[in-house]
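In: Give me a model of this one.
(2 chains)
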Protein chains: 2
Amino acid sequence: MTNSAPALEPVLDTLDRSVDASVDRLFALLRIRSISTDPAYADECRAAAQWLADDLASIGFDASVRDTKGHPMVVAHHEGSSDDAPHVLFYGHYDVQPVDPLELWDDDPFDPKVKTVDGTKVISARGASDDKGQLMTFVEACRAYKAVHGALPCRVTILFEGEEESGSPSLKPFLEAHADELKADVALVCDTSMWNAETPAISGSLRGLTGDEITVRAADRDLHSGHFGGAAANPLHILSAILAAMHDETGRVTIPHFYDGVEEVPAQQLESWKALGMTDEAFLGEIGLKHPSGERGRSVLELTWARPTAEVNGMIGGYTGEGFKTVIPATASAKVSFRLVAGQDPQAIRDNFRAFVRERVPADCSVAFAEHGASPALVLSADAPAVLAAKAALSDEWPKPAAVIGMGGSIPIVGDFKAMLGMDSLLVGFALSDDRIHSPNEKYNLASFTKGQRSWARILDALASK
Amino acid sequence: MTNSAPALEPVLDTLDRSVDASVDRLFALLRIRSISTDPAYADECRAAAQWLADDLASIGFDASVRDTKGHPMVVAHHEGSSDDAPHVLFYGHYDVQPVDPLELWDDDPFDPKVKTVDGTKVISARGASDDKGQLMTFVEACRAYKAVHGALPCRVTILFEGEEESGSPSLKPFLEAHADELKADVALVCDTSMWNAETPAISGSLRGLTGDEITVRAADRDLHSGHFGGAAANPLHILSAILAAMHDETGRVTIPHFYDGVEEVPAQQLESWKALGMTDEAFLGEIGLKHPSGERGRSVLELTWARPTAEVNGMIGGYTGEGFKTVIPATASAKVSFRLVAGQDPQAIRDNFRAFVRERVPADCSVAFAEHGASPALVLSADAPAVLAAKAALSDEWPKPAAVIGMGGSIPIVGDFKAMLGMDSLLVGFALSDDRIHSPNEKYNLASFTKGQRSWARILDALASK
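Out: Next up, the predicted model:
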């Protein structure tokens, strides 16, 4: 390992000495009511963007507020300490969720405080965790590097958006228009959680998604089940049979070619997940269940992080109001989604699903489909240099070694970075599952904030040193 | 055959000579806007009841208008020509359906006319077929008997209700309160159709019904399919699998003991249905289908008249609005009904169904049920004396022999007569499938009206002669 990067230790010391100042700065940002979904707060959103641009400019970034059709972006650039330093794009969002119901908050959500709750110091405010506290961990790491060395170990581009909580309508057009400016070697996304308060986590994979809607039509009108029952096709029967046929008795998806390209999780990975100590009982107990329902013989973590699914998300047909109507409906429909893992092609999954459905619709009935999105799984190889660097850096900082975990869902920005800028994302965040994001009394542990800053300093160092 | 009844032929002659007068009387009744569902027409309902009571009194019935909590009943009694004459209860209803959308009517629905449509004379008005025209066929037959002989061949009780089109809320209490007064040897119900314009029909069987609702619950809340998909039970999957398992690949219901007590339709009966010439293609073609979906190898008439079914009438779960939500719902529910035939116990069917469902719900999920009615099938044996009498009488009147057919649905009044008065019902009516009952431009063929009168004269004669 050649390490031409600026020394790390004095940066960490500086961070430790400036906790109060960094909390003050975060408080200033938290006081800005940047609720993106409510047009009444548009000025506050712009104020948050301006505050960030000013703050970044004050530590030497070439920072600007960029208008969009919605709330503005903040874009900032800083060179690295050497020409061959890696180039990272850091992403965060300055907008926050609405605060209602306000009466459920213990304090004013926009008057941040450091409080001690159950022996733990927390920063309480709307956005403390999602995402102002998280994004400021990175800014503070940069500030300390600049204070100590007058330089950053990596070339850094920062992108803060103000519409993450309202669907990011301006993001794709902005990425498209500024692809050259924003493209980096790797994206750093700080909007995720740790495994637990002692164990940092890198989200190494996100499942993809194919969404589809089926409508089966039988007769040309709703029928009276007395007159026609027993002779006329019932689309609810046809649809139930199709949906029931999607899984065999072991929980495996039966659609032909569904598992084409899907590889087993390496034994070492499975071992490391096992070491996290999450039992099926604990995972399912939280939601009132006991037994994993998916492919038999796999843990809940493997099932939700690394295995594809076929899931019915909604179904309707016939009479569903109070009481009873003996109708045979003309149509029945279902929304079905497939969570995808590496190796699966979202469009092939849709095609194979539709063929599977068509095969099961009687000749005198018909089926119509509606498309609801398709995105591939995103996987950062466990031995990709950025992952190895971040893993080592995080393991140095926290009591327990970093876990490379999966995410069962998707994060649109990660897919956009991959699809539009050809860039992988390293997902590292310091939130905890009890942070109550999107809910009253949102908080961010003070340790998440301070050790998060130190973590980013370490990660920048490790990335520059690899 | 001993025939002590008054001679039939002069009665038929009298009916033929009084067509114009009988049409005038029907018109008077049709002009009364006795729409039972709209409280604005309550007075008109009472006027219709009074008109009928007056008319029956004018031909010697002991007739009265009886108040209920809703629209009144008409009850009338007349002795038979001899002490051993059979006692029949004739049922009809004087209320009619609403007429909207009014703009789709060619004429005022309450200004009856005799018109010629496609070469056929029809009486056009709301209620012409359902049920004022039908019930007056019986009243005219009685009038003619009285005119010729001063007597009726059977003892006759008449019950006209005014709430048939609004669910008959007063009927059961009225039957209960007046059971002794209303109980007869057999009920004659004139609210059904002929097989076709040339072929009269006796509805010899009605299927019963057990209705049930299932709600499957898995997790204790709706889940995000990204976080939990693949590990958490999905109630839509469980419910689909249960519903799909209710039928095997031959269309047979798989619920244990479902067919206990169900007998095959006698070959002779099947032959007579076959002779009606209804093909699967014709029956299903009307509703846009081609292939019978029920038990394989049986005709549509057997399937809908004489075979039990398991039918999903409604199903809902998860997100069913516009677009897509990747939710795993906490619950999913379905309304299921079973059409029953002779030999099936409605409560046993419910019990066996619920056991079948419970067996298929995973141990950590739960299921709740809601009851939606249970009524047994009603069957009049094809060689019951009343059926044989009516069959012979109808076959003498019409171009083609009478058919004893089944009805796939149920008629509540028939179940009530059986359960509350221990009385079988002979269902004979002269409506046709193109009468547009409940729709604009309702009509009743003039031949239905005139030959219907003659049919009742013949049936009364046949019943008295048996």
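In: Surely residue A:50 is within a helix?
Out: Yes: according to DSSP: H, G, I helix; E, B strand; the rest coil, residue A:50 belongs to a helix.
In: show me the contacts for the residue nearest to it when sequence neighbours are not counted.
Out: Spatial nearest neighbour of residue A:50, excluding adjacent residues (Cβ to Cβ, 6 or more residues apart in numbering or on different chains): residue A:65 at 5.6 Å. Where you see a C-beta, it was placed from the backbone N, CA and C, and this is true even at glycine. Taking Cβ atoms under 8 Å, 6 or more residues apart in numbering or on different chains as the criterion, residue A:65 is in contact with A:46, A:49-50, A:53, A:72-74.
In: now do residue A:289
Out: By Cβ under 8 Å, 6+ apart, the contact set of residue A:289 is B:218-219, B:232-233, B:364-365.
In: In CSV: the residues you listed, plus distance to chain A.
Out: Shown next, in CSV, are the contacts of residue A:289 (distance: Cβ to the nearest Cβ, whole Å):
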residue, distance to chain A
B:218, 7
B:219, 4
B:232, 6
B:233, 4
B:364, 4
B:365, 8
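In: just checking, residue A:205 touches residue A:381?
Out: No: between residue A:205 and residue A:381 there is no contact under Cβ atoms under 8 Å: 9.5 Å.
In: what about these two, which has more around it?
Out: Ranked by neighbour count (other Cβ atoms under 10 Å in any protein chain shown), residue A:205 and residue A:381 place residue A:205 first, with 23 against 14.
In: Per-residue confidence, that one, what does it come out as?
Out: As predicted, residue A:205 sits at a pLDDT of 92.
In: hang on, the earlier thing: tell me the most packed of the contacts of residue A:65, by neighbour count.
Out: Busiest of the contacts of residue A:65 [other Cβ under 10 Å] is residue A:74, holding 27 neighbours.
In: Report the secondary structure element holding it.
Out: For residue A:74, the element it lies in under DSSP states H and E is strand A:73-78.
In: name the helices or strands packed onto that strand?
Out: helix A:42-58, strand A:62-66, strand A:155-161 (3 or more Cβ pairs under 8 Å, 6 or more residues apart in numbering or on different chains; DSSP states H and E).
In: what's that strand in contact with?
Out: Counting by Cβ under 8 Å, 6+ apart, A:49, A:52-53, A:56-57, A:60-66, A:94, A:142, A:152, A:155-162, A:170, A:174, A:178, A:181-182 sit against strand A:73-78.
In: could you redo the last one with a cut-off of 7 Å?
Out: Residues outside strand A:73-78 that contact it (Cβ atoms under 7 Å, 6 or more residues apart in numbering or on different chains) are A:49, A:52-53, A:56, A:60-66, A:152, A:156-161, A:174.
In: could you list every residue that touches the closest residue to residue A:120 other than its chain neighbours?
Out: Of all residues not flanking residue A:120 in the chain, residue A:445 sits nearest, at 6.1 Å (Cβ to Cβ, 6+ apart). By Cβ under 7 Å, 6+ apart, the contact set of residue A:445 is A:120, A:122, A:432.
In: and with 10 Å instead?
Out: With contact taken as Cβ atoms under 10 Å, 6 or more residues apart in numbering or on different chains, residue A:445 is in contact with A:117, A:120-123, A:128-129, A:133, A:194, A:197, A:430-432, A:434-435, A:451-452.
In: So how do I select the buried members of these in PyMOL?
Out: Here is the PyMOL command that selects the buried residues among the contacts of residue A:445 (16 or more other Cβ atoms under 10 Å in any protein chain shown):
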select buried, chain A and resi 122+123+128+129+133+194+197+430+431+432+435+451+452
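In: now, which of the contacts of residue A:445 lie within helices?
Out: A:133, A:451-452 (DSSP state H).
In: So residue A:360 sits against residue A:242, correct?
Out: Yes: proximity of residue A:360 to residue A:242 meets the contact threshold set by Cβ atoms under 10 Å, at 4.8 Å.
In: Quick check: residue A:104 vs residue A:435, distance?
Out: Applying Cβ to Cβ, to the nearest Å, the value for residue A:104 to residue A:435 is 16 Å.
In: Quick one: the strands in the stretch 51-200 of chain A, in order.
Out: Per DSSP state E, counting those that start in this stretch, the stretch 51-200 of chain A carries strands over the ranges A:62-66, A:73-78, A:87-93, A:113-117, A:120-124, A:155-161, A:186-189.
In: CSV for those strands, including distance to residue B:261 and mean pLDDT?
Out: Shown next, in CSV, are these (distance: least, Cβ to Cβ, whole Å; pLDDT from 0 to 100):
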stretch, distance to residue B:261, mean pLDDT
strand A:62-66, 78, 98
strand A:73-78, 74, 98
strand A:87-93, 67, 98
strand A:113-117, 67, 97
strand A:120-124, 69, 98
strand A:155-161, 69, 98
strand A:186-189, 66, 96
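In: would you list those strands in a markdown table and tack on distance to residue A:279?
Out: Formatted as a markdown table, the strands of the stretch 51-200 of chain A follow (distance: least, Cβ to Cβ, whole Å):
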| stretch | distance to residue A:279 |
| --- | --- |
| strand A:62-66 | 47 |
| strand A:73-78 | 43 |
| strand A:87-93 | 34 |
| strand A:113-117 | 27 |
| strand A:120-124 | 25 |
| strand A:155-161 | 38 |
| strand A:186-189 | 29 |
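In: Good, wrapping up.
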